[in-house]
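**Student:** sequence first, predicted model second:
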Amino acid sequence: MRDLRDQIDGVWHAASRLSSGSGGCCVMFIAAREGEGTSSVAASFALLAARKAQKSAWLLDLDLRRNAAFAAFEDGFARGVGRPGRAYDASLRTEPIYTVSSPVKGQSGADVANKLLSVHEIDRTRLLVSRFRNELLGHGQRVRLKSQPEWWSRVRQAADWVVIDAPAVTRSSAGLSFVSEADGVFIVVRADSTGPQEVAALRDEIAASGGRVAGLVLNRMGSDARFADRLAG
């Protein structure tokens, strides 16, 4: 993962123009296939949002099994930013945005399936980064994401910005399941390898799933990283 904060001004300005019906603004970053740099863009944007936030920004990594965003902050990928600190329960006193195939027992023997998603403060910032507690799952237990409008409403009340890092659609449909929750969706494209047909196909999938495409992020053009804040026809 790379720190791209000094290269995404266009994306920030495009996102700042989005309107939110209630509470904080929610944006999603998604790509057609893996290796496009989506997590770098999402984490870098989340750091910018946290710097400008009055309350906080939440970075929600939908790839629950990998926790790549949390791991990147643990590894210190961003200059001048601390490591993950105190953890908070991300259930927000409502049903979570996932289901587990069978009960998850805590040390007391109680079912803790609704408490598996946490958010951690990133030291010296107003950023909260999600982490899914996979270590509490038993062998064969499966996790599925689900629609939960009340959770999204509450997270918008808790944060000024909600930034969704979605896995590539070739790997998982998780992002498409939640595009309708975002005020705007940015498609991340490795511009030196991804064709316009793939971009157009993903744009159509997002629209068919109830999402609104807010722009195109052109990543890794040649040896550089350049960005556009609009989606070309």
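**Tutor:** The structure has been received and is ready for your questions.
**Student:** when you work out contacts or count neighbours from here on, use the C-alpha atoms and nothing else.
**Tutor:** OK.
**Student:** now the strands for the chain?
**Tutor:** For the chain, applying DSSP state E gives strands covering 25-31, 57-61, 84-89, 98-100, 117-122, 127-132, 143-145, 161-165, 184-190, 213-219.
**Student:** I'd like those as TSV, with distance to residue 13 and mean pLDDT appended.
**Tutor:** TSV is the format used below for the strands of the chain (distance: least, CA to CA, whole Å; pLDDT from 0 to 100):
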stretch	distance to residue 13	mean pLDDT
strand 25-31	13	97
strand 57-61	16	98
strand 84-89	27	94
strand 98-100	32	96
strand 117-122	24	97
strand 127-132	19	98
strand 143-145	30	95
strand 161-165	14	98
strand 184-190	13	93
strand 213-219	11	90
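**Student:** dump those strands into CSV; add mean neighbour count as well.
**Tutor:** Converted to CSV, the strands of the chain look like this (neighbours: other CA atoms under 10 Å):
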stretch, mean neighbour count
strand 25-31, 27
strand 57-61, 28
strand 84-89, 16
strand 98-100, 15
strand 117-122, 21
strand 127-132, 25
strand 143-145, 15
strand 161-165, 25
strand 184-190, 25
strand 213-219, 23
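**Student:** of all the ones you listed, which lies closest to residue 78?
**Tutor:** With distances scored as CA to CA, the stretch of these nearest to residue 78 is strand 117-122 (10.9 Å).
**Student:** using CSV, write out the CA atom coordinates for the closest one.
**Tutor:** Provided in CSV are the C-alpha atoms of strand 117-122 (Å, rounded to 0.1, in the frame of the first residue of the first chain):
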residue,chain,number,x,y,z
LEU,A,117,-16.3,-5.8,13.9
SER,A,118,-14.2,-3.1,15.7
VAL,A,119,-12.7,0.2,14.8
HIS,A,120,-9.3,1.4,16.0
GLU,A,121,-8.1,5.0,16.5
ILE,A,122,-5.1,5.8,14.4
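**Student:** ok, and what's touching it?
**Tutor:** Residues outside strand 117-122 that contact it (CA atoms under 8 Å, 6 or more residues apart in numbering) are 73, 81-91, 127-133.
**Student:** just checking: what are the partner strands of that strand?
**Tutor:** strand 84-89 (antiparallel), strand 127-132 (antiparallel) (DSSP bridges).
**Student:** show me what residue 105 is bridged to.
**Tutor:** residue 111.
**Student:** thinking it is in contact with residue 111, fair?
**Tutor:** Yes: with contact defined as CA atoms under 8 Å, residue 105 and residue 111 form a contacting pair (4.7 Å).
**Student:** how about the strands of the chain in CSV, adding distance to residue 11?
**Tutor:** Output for the strands of the chain, formatted as CSV (distance: least, CA to CA, whole Å):
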stretch, distance to residue 11
strand 25-31, 11
strand 57-61, 16
strand 84-89, 25
strand 98-100, 29
strand 117-122, 22
strand 127-132, 18
strand 143-145, 27
strand 161-165, 13
strand 184-190, 8
strand 213-219, 7
